[in-house]
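**Student:** Provide a 3D model corresponding to the input given below.
(one chain, ligands or ions: 1)
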Amino acid sequence: MLELKDVCFTIRKDGEDANLVDKVSIQIPKGHFMAIVGPSGCGKTTLLKTIAGLNPESDGALIWDGRDLSKEGDFSPSEIGYVPQFSIAYDPLTVDESVEAATRLRVKTKNNAELDQRIDRVLEETGLAPIADRPVKVLSGGQKRRLGLAMELVSDPKLLLCDEVTSGLDPRSEREIVRLLHDLSRKDGRIVLSVTHSLAHLELYDSILVLHEGRVAYHGPPDQLTHYFSVKDTEEVYPRLAGQPSDRWQSSWEKHRVSYYKMLERNREKSVASGALSLPPAKVEGEEVKDEVATKMPGLVSQFGTLLSRRWRIFFRDRGQVLLQLAIMICFPLLVILFSDKAKDPIRKYSDTRQSDMQEEVQEHQNVRMDQVKVGSAVSGIIMFQVVLLALMGSNNSAREIAGERLIYEKEKFGGLRPSAYLASKVAFLSCLVIAQSLWMAFFVNTFGQFRGDFVQHAGFLLLVNGAMTAICLAISSLMRTAEQASLLSIYLVGFQLPLSGAVLALPESVETYTRPFISSYWAWSGSVEGLQTQVHDAVKAVIDTTLSSRDACLYTLAAHIGVALFASWLGTRRHQWD
Ligand SMILES: Nc1ncnc2c1ncn2[C@@H]1O[C@H](COP(=O)(O)OP(=O)(O)OP(=O)(O)O)[C@@H](O)[C@H]1O
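**Tutor:** Here you go, the predicted model:
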């Protein structure tokens, strides 16, 4: 039994408290199918989210199976299924792959046979078996809703909440989905609550909850709806509601509540007696349910593996993304070597013997200086060019990685996905890109214009700057509200790397002191320059006004950038960002 006792959800609006859900008190027995209806903006979705725990109730109590949810802990993830208004499947995957991933993320199965059995059962139940191999992107609206349901049913939830799963469907598909939801509530005592705009097919529901301005105006059998509101047709209910304030409807409903609940009970007894409704045999103690469910959740490593293999699959299915990555990996190093010629030139040395005349000595100094300027500028420029291109690749790698799929992630987190498993899968996936991009850049450029110094040190710093920018943009992606915001901020961040690095123009000291610690490209550039042969190093120093930092300082600072960015990403992934 799900019971709501005077449940409120309050927000601050214009300096005052406003109840979006106002003292809702209802009882929903096991094996019940209820529609939540009401005019647009009356609080249907808000009530559903309050029941789900996505909106913490401001007042009142939610009782589930005798358990007070606000005092004794929320629903466990597999007890509850929530089908939101948005699609929770990835377009490039097939129906079967989507359901499989949902199962692996939510249910701990003993072996592959049990996993397959569970997937097949859910596909059969939702009528998706014949189209199991079809990609999500080609599904019709109705099929997508079925898929959303299938992905929730994998954990056998005892409470299924559906938000507008029939909106936008043609009448036939709408009826099929309502019929499916009805059937899902007939087995194992599952409660199905469905928010809907539509007043069609009401006869398929056990009860109708009519909300008006967040308050209950009616909760009773569908066939009593028109009688209660004294209208001829259900279509007249909403205009009738607008005829008096919601508090009047609420107090009027409270007077009739007992008699309508008796009617609901009688209908239920009839359904059980006729065999149309089958209920679980015995009442299970709250604690036992909790333990049993807790052991069913897959572990962190298992969730990590599922997410990582799904990420790679999505990556390879998206040809555009693969081609873009390849194009970037090939073209960026090519761009660098176009400018690498001057960096290969020798630098003349001062002769050991003193020149016989002054003119020759001045000439020698000029020659050495000219060589230093030419080679020093070229070497410094090429290192910075590589660094900036890898910073750009870093931002391209991760700016949309989390923000672009935030709603799906939030939904999966609600279903029991651990933020740490999610973040670890992102780090593992992105690390592969970072390693491939950085090492390829280092080796390719080195092949056509050998790095004049410690190549391993140079390659290490390229790897670190790409890693740092990827991690920073991942943090941005996890903290921003939209993918567009995250992309824009990441691009600005890369844009500022070159001017603020000091490699091209020295910054005023007052600015440099504050900006330098945060500019990854400076530390990667400086660290690489420190690894150059002495003569080339001196040539670079001769052409720059910016001070260089030691190799270790560069190494630790870039490692700190990565560490802090990953911590921020972790905070971002833990944050609740459903809307
Ligand atoms: N977190 C929030 N902060 C402020 N206002 C909110 C919040 N959540 C919902 N609202 C407002 O509360 C009202 C009820 O919203 P809700 O989405 O629950 O309505 P609804 O009945 O589901 O509407 P519809 O049928 O159009 O989807 C709306 O006016 C909405 O703008």
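**Student:** residue boundaries of the helices in the stretch 51-200 of the chain?
**Tutor:** Under the criterion DSSP state H, counting those that start in this stretch, the stretch 51-200 of the chain contains helices at 69-72, 95-106, 112-125, 141-153, 171-184.
**Student:** alpha carbons of stretch 572-579, as CSV, please.
**Tutor:** What follows is stretch 572-579, C-alpha atoms only, in CSV (Å, rounded to 0.1, in the frame of the first residue of the first chain):
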residue,chain,number,x,y,z
GLY,A,572,29.1,17.7,-10.5
THR,A,573,28.0,14.1,-11.2
ARG,A,574,26.7,13.7,-7.6
ARG,A,575,24.6,16.9,-7.9
HIS,A,576,21.0,16.4,-8.6
GLN,A,577,20.2,18.0,-11.9
TRP,A,578,17.0,16.5,-13.1
ASP,A,579,15.4,19.5,-14.8
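**Student:** residues contacting the closest residue to residue 133 other than its chain neighbours?
**Tutor:** Nearest residue to residue 133 in three dimensions, chain neighbours excluded: residue 94, at 5.4 Å (Cβ to Cβ, 6 or more residues apart in numbering). Every C-beta, even on glycine, is put in place using the N, C-alpha and C of the backbone. Counting by Cβ atoms under 8 Å, 6 or more residues apart in numbering, residue 94 makes contact with 132, 133, 134, 135, 136.
**Student:** tell me how many other residues surround residue 219.
**Tutor:** Neighbourhood size, residue 219 [other Cβ atoms under 10 Å]: 24.
**Student:** partner residues bridging it?
**Tutor:** Residue 219 forms beta bridges with residue 209, as assigned by DSSP bridges.
**Student:** need the pLDDT of it.
**Tutor:** Here the pLDDT value assigned to residue 219 is 95.
**Student:** do the same with residue 289
**Tutor:** Residue 289 is assigned a predicted lDDT (pLDDT) of 48.
**Student:** over to residue 136?
**Tutor:** 96.
**Student:** quick one: residues contacting it.
**Tutor:** Residue 136 makes contacts with 87, 89, 90, 91, 92, 93, 94, 95, 98, 144, 147, as judged by Cβ under 8 Å, 6+ apart.
**Student:** filter the residues you listed down to the buried ones, ChimeraX style.
**Tutor:** Listed next is the ChimeraX selection for buried residues among those, using 16 or more other Cβ atoms under 10 Å:
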select :87,89,90,92,93,94,95,98,144,147
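**Student:** just the buried residues from the contacts of residue 94, in PyMOL please.
**Tutor:** Only the buried entries of the contacts of residue 94 go into this PyMOL selection, using 16+ other Cβ under 10 Å:
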select buried, resi 132+135+136
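**Student:** from the contacts of residue 94, pick the one nearest residue 562.
**Tutor:** residue 136 (34.2 Å; Cβ to Cβ).
**Student:** after the least confident helix or strand in the chain by mean pLDDT, next one along is what?
**Tutor:** Least confident helix or strand, the chain: helix 286-294 with a mean of 49, by mean pLDDT, DSSP states H and E. Following helix 286-294 in sequence order, the next helix or strand is helix 300-317 (DSSP states H and E).
**Student:** mind listing what's buried along that next one?
**Tutor:** For helix 300-317, by 16+ other Cβ under 10 Å, it's 303, 304, 305, 306, 307, 308, 310, 311, 313, 314, 317.
**Student:** try stretch 564-579
**Tutor:** For stretch 564-579, the neighbour count (16+ other Cβ under 10 Å) marks 565, 566, 568, 569, 570, 572, 573, 577 as buried.
**Student:** adding distance to the ligand and secondary structure, write the residues you listed out as TSV.
**Tutor:** Shown next, in TSV, are the buried residues of stretch 564-579 (distance: Cβ to the nearest ligand atom, whole Å; DSSP: H, G, I helix; E, B strand; the rest coil):
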residue	distance to the ligand	secondary structure
565	30	helix
566	30	helix
568	25	helix
569	25	helix
570	25	helix
572	20	helix
573	21	helix
577	12	coil
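**Student:** in TSV: those, plus distance to residue 495.
**Tutor:** Converted to TSV, those look like this (distance: Cβ to Cβ, whole Å):
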residue	distance to residue 495
565	18
566	23
568	20
569	21
570	26
572	22
573	26
577	26
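**Student:** quick one: residues contacting the residue of the stretch 351-500 of the chain found nearest the ligand.
**Tutor:** Nearest residue of the stretch 351-500 of the chain to the ligand: residue 481, at 13.6 Å (Cβ to the nearest ligand atom). By Cβ under 8 Å, 6+ apart, residue 481 lies in contact with 403, 577.
**Student:** and of the helices of the stretch 51-200 of the chain, who's closest to residue 21?
**Tutor:** For the helices of the stretch 51-200 of the chain, proximity to residue 21 was assessed by Cβ to Cβ; helix 69-72 is nearest, at 14.1 Å.
**Student:** only the buried residues of that closest one, if you could.
**Tutor:** So helix 69-72, judged by 16+ other Cβ under 10 Å, has buried residues residue 69.
**Student:** before we move on, what about stretch 48-61?
**Tutor:** So, applying 16+ other Cβ under 10 Å, buried residues of stretch 48-61: 48, 49, 50, 51, 52, 53, 54, 55, 57, 60.
**Student:** so the last one sits against residue 3, correct?
**Tutor:** No: taking Cβ atoms under 8 Å as the definition, residue 60 is not a contact partner of residue 3, at 10.3 Å.
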